[in-house]
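Q: Here is my input; please provide its structure:
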Amino acid sequence: MDYERSREIARRKLPKMLFEYIDGGSYSEVTLGRNLSDFQDISLRQRVLVDGSKLNQSIQILGDNLSMPIILGPVGFAGMFAKRGEVQAAISAEKNGLQTCLSSLSICSIDEVCSATNQPPWFQLYMIKDRSYIIDLLSRVWSAGVRILVITVDLPLPGTRYRDARSGFQDTGISGLLRKATQAFLRPSWLWSVQVCGRPHCFGNFNAAADTGASFGDQWEWVKQNFDASVAWEDISWVRANWRGSIVVKGILDPEDAELALAHGVDGIIISNHGGRQLDSVRSSISAVESIVDRIGGEVTVMVDGGIRNGLDVLKALSLGVQGVLLGRSWAFALAAAGSAGVDSLIDRFRQELSIAMILTGCSDIRNADRRILDQWRPWHTQRDR
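A: Sure thing, here's the model as predicted:
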């Protein structure tokens, strides 16, 4: 199932507010568009008559052995896209030899996901104002078996997303409830499988902090009010002192910030603009890779997300110097379209596309992908590389 097909099926199955939540970006969605167009502007160098009968797509990232350099990245609310959605995605990832990263804002808790799989996921952390609760959450996550913590640093406050405002997603009043109810009744299969049979609907990882008796909308308001805009680099050191495993910082676009992350003892970074959902008019994630890799590559694990739609994009990203990529919208739409079977189909498609791309660029081992595979790769050359 390709990206556009899964997106269209998800559009027909999900209430409008949930589809727009996955599909949209911030403001005028300029950066959302750049994430796609800058990948398309990268040209691969085709080679022929290179033995492609024995391909290696497997790689180790931060101690995890993966069948491909792909991680299902953190996506909030995934349990509203399909029944117990985060669990379905984690099961599919494990079955296919991949890893997933559970969002702080997941419907299914870390304990529920870990009880359904043999492989603990990575865990993505949003810093909230109550530091004592963060310490407790880190303890619970560690006890569940998680060893890789991903701290998202580009969301001190939620971005301005006009689609969410228009769809009623952000409206927690009476009119918003009526709009949500209307949209739900227009999607009877979703209403039954997710809204009725997929309960409980709450933020499983923040249940103890946000009143469990509150409505889902009230819990979301609590979460928004508790994002901490005061978070600074010193807080990374604070997390380091309270976490024994690996720390990855997600949301780096600037080489200077990459160096600061390195100075604060992180084990990896994820080059990301939050899928174009935070600050609009910034550069695409892929256009930031070269300057960051040239600055800190080899010292920490570097990954990227944003705009990755097929296996060719995976090869392009690794050729620029990252060790792995994270998918977001791709697996969210696949999950909404067909549950775990949809995620399985997505992974199969990426594997086949990556195989073809490797054979026709003469790359038999994904670990050896480098810039020699690329023909043209600087469509963003007019942008400032610090």
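
Q: From here on, just use CA atoms for contacts and neighbour counts.
A: Fine.

Q: Mind pulling the model confidence for residue 210?
A: Note on residue 210: pLDDT of 62.

Q: ditto for residue 238
A: Value listed for residue 238 in the pLDDT field: 96.

Q: quick one: the helices in the stretch 51-200 of the chain?
A: Ranges of helices in the stretch 51-200 of the chain, per DSSP state H, counting those that start in this stretch, are 85-95, 110-116, 131-143, 162-167, 174-185, 188-190.

Q: buried sites along the third one?
A: Applying a neighbour-count criterion of 16 or more other CA atoms under 10 Å, the buried positions in helix 131-143 are 134, 137, 138, 141, 142.

Q: do the fifth one as well
A: Buried positions in helix 174-185, judged by neighbour count with 16+ other CA under 10 Å: 176, 179, 180, 183, 184.

Q: Go ahead and confirm the last one touches residue 192.
A: No - taking CA atoms under 8 Å as the contact criterion, residue 184 and residue 192 are not neighbours in contact, 9.5 Å apart.

Q: State the next helix or strand along the chain beyond the least confident helix or strand in the chain by mean pLDDT.
A: Of all helical and strand segments in the chain, the minimum by mean pLDDT, DSSP states H and E falls on helix 216-226, at a mean of 76. Counting by DSSP states H and E, the element after helix 216-226 in chain order, helix or strand, is helix 233-241.

Q: where along the stretch 201-350 of the chain do the helices fall?
A: With DSSP H, counting those that start in this stretch as the criterion, the stretch 201-350 of the chain has helices spanning 216-226, 233-241, 255-263, 285-296, 311-319, 329-359.

Q: any idea which of the buried residues of helix 131-143 is the one closest to residue 10?
A: residue 141 (30.9 Å; CA to CA).

Q: In this structure the closest one contacts residue 109, no?
A: No - with contact taken as CA under 8 Å, residue 141 and residue 109 are classed as non-touching, separated by 9.6 Å.

Q: remind me which residues of the stretch 201-350 of the chain are low pLDDT?
A: Within the stretch 201-350 of the chain, the ranges that satisfy pLDDT under 70 run 209-217.

Q: Over to the stretch 51-200 of the chain?
A: In the stretch 51-200 of the chain, no residues with pLDDT under 70.

Q: for residue 326, what are its contacts?
A: With contact taken as CA atoms under 8 Å, 6 or more residues apart in numbering, residue 326 is in contact with 70, 71, 72, 73, 303, 304, 305, 306.

Q: now swap in residue 9 and tell me
A: Applying CA under 8 Å, 6+ apart to residue 9 gives the contacts 336, 337.

Q: Please repeat the previous calculation with a cut-off of 10 Å.
A: 333, 334, 336, 337, 338 (CA atoms under 10 Å, 6 or more residues apart in numbering).

Q: can you check residue 53 too?
A: Here residue 53 is in contact with 359, 364 (CA under 10 Å, 6+ apart).

Q: What separation do you get for it and residue 351?
A: 15 Å (CA to CA, to the nearest Å).

Q: do residue 101 as well
A: On the measure of CA to CA, residue 101 and residue 351 end up 19 Å apart.

Q: the more surrounded of these two?
A: Neighbour count, other CA atoms under 10 Å: between residue 101 and residue 351, residue 101 has more, with 23 against 20.

Q: surely the more buried one meets residue 90?
A: Yes - if you go by CA atoms under 10 Å, residue 101 and residue 90 touch, sitting 8.5 Å apart.

Q: Identify the contacts common to the two.
A: 72, 120, 121.

Q: Quick check: of those, which has the highest neighbour count?
A: That'd be residue 121 among the shared contacts of residue 101 and residue 90, by other CA under 10 Å, with 27 neighbours.

Q: Let me know whether it touches residue 101 as I believe.
A: Yes - using CA under 10 Å, residue 121 is in contact with residue 101, at 5.4 Å.

Q: what is in contact with the two at once?
A: 71, 72, 90, 146, 148, 149.

Q: Of the residues you listed, which pair is most distant in space?
A: Of all pairs drawn from the shared contacts of residue 121 and residue 101, the widest gap by CA to CA lies between 90 and 149 and measures 16.2 Å.

Q: mind checking how far residue 268 is from residue 163?
A: From residue 268 over to residue 163 (counting by CA to CA), the distance is 32 Å.

Q: Which one's more surrounded, the two?
A: With neighbours defined as other CA under 10 Å, residue 268 and residue 163 compare such that residue 268 has more, 24 against 20.

Q: Check whether the more buried one really touches residue 259, as I assumed.
A: No - counting by CA under 10 Å, residue 268 does not reach residue 259; the two are 11.3 Å apart.

Q: For the buried residues of helix 174-185, could you give me JSON lines that also reports distance to residue 28?
A: Output for these, formatted as JSON lines (distance: CA to CA, whole Å):
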{"residue": "176", "distance to residue 28": "23"}
{"residue": "179", "distance to residue 28": "24"}
{"residue": "180", "distance to residue 28": "24"}
{"residue": "183", "distance to residue 28": "24"}
{"residue": "184", "distance to residue 28": "27"}
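
Q: what's near enough to touch the closest residue to residue 311 other than its chain neighbours?
A: Nearest residue to residue 311, sequence neighbours excluded (CA to CA, 6 or more residues apart in numbering): residue 354, at 4.2 Å. When contacts are counted by CA under 10 Å, 6+ apart, residue 354 is found next to 57, 68, 310, 311, 312, 313, 314, 315, 348, 366.

Q: Quick one: residues contacting the third one.
A: Residues in contact with residue 310 (CA under 10 Å, 6+ apart) are 2, 3, 327, 330, 346, 347, 349, 350, 351, 352, 353, 354.

Q: ok, the spatially closest residue to residue 145 that is not a sequence neighbour to residue 248 distance?
A: Spatial nearest neighbour of residue 145, excluding adjacent residues (CA to CA, 6+ apart): residue 120 at 5.6 Å. Distance, residue 120 to residue 248, by CA to CA: 16 Å.
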